[in-house]
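A.B. asks: pasting the structure only:
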């Protein structure tokens, strides 16, 4: 995995192979499609917070961890994820976790 989950880290840099670049573009396309249909309801993908937002939260965190440059709509979604009280609580718990998984420490 090129961008392992590591929500305690920021500013990591990893090579982005073509397959990963294509996957990032696919995510952008999905988010853009949702924002195109429900644009007046952003920042969440379908207006209110849904399971889709929860599903994409780890992706948003990876974009932050690895400094992926984001378009405005995608950045608005990531900002909403980071500002969400539930996510803030989860991230705080992650920061307090003493265990480190070596294979997740890339970049």
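C.D. replies: Okay, I see it. On a predicted model such as this, the values are computed, not experimentally measured, just so you know. Residues are numbered from 1 along each chain as shown.

A.B. asks: what helix or strand does the residue most central in space within the chain sit in?
C.D. replies: Centroid-nearest residue in the chain, with C-alpha atoms, centre = their mean: residue 60, separated by 0.6 Å. Under the criterion of DSSP states H and E, residue 60 resides in helix 51-65.

A.B. asks: distance of the residue nearest to the centre of the chain from residue 5?
C.D. replies: According to C-beta to C-beta, to the nearest Å, residue 60 stands 11 Å off from residue 5. Just so you know, the C-beta spots here come from the backbone N, C-alpha and C atoms, and that holds for glycine as well.

A.B. asks: Just say helix, strand or coil for residue 14.
C.D. replies: Three-state assignment for residue 14 (DSSP: H, G, I helix; E, B strand; the rest coil): coil.

A.B. asks: Can you give me the neighbour number for it?
C.D. replies: Neighbour count for residue 14, taken as other C-beta atoms under 10 Å: 17.

A.B. asks: what's the distance between it and residue 21?
C.D. replies: Look at residue 14 and residue 21: by C-beta to C-beta, they are 12 Å apart.

A.B. asks: Ok, residue 66 next?
C.D. replies: Here residue 66 is placed at a distance of 12 Å from residue 21 (C-beta to C-beta).

A.B. asks: higher neighbour count, those two?
C.D. replies: Of the pair residue 66 and residue 21, residue 66 is the one with more neighbours under other C-beta under 10 Å, namely 21 against 11.

A.B. asks: The more buried one contacts residue 107, doesn't it?
C.D. replies: Yes. In terms of C-beta atoms under 8 Å, residue 66 counts as a neighbour of residue 107; the distance is 6.2 Å.
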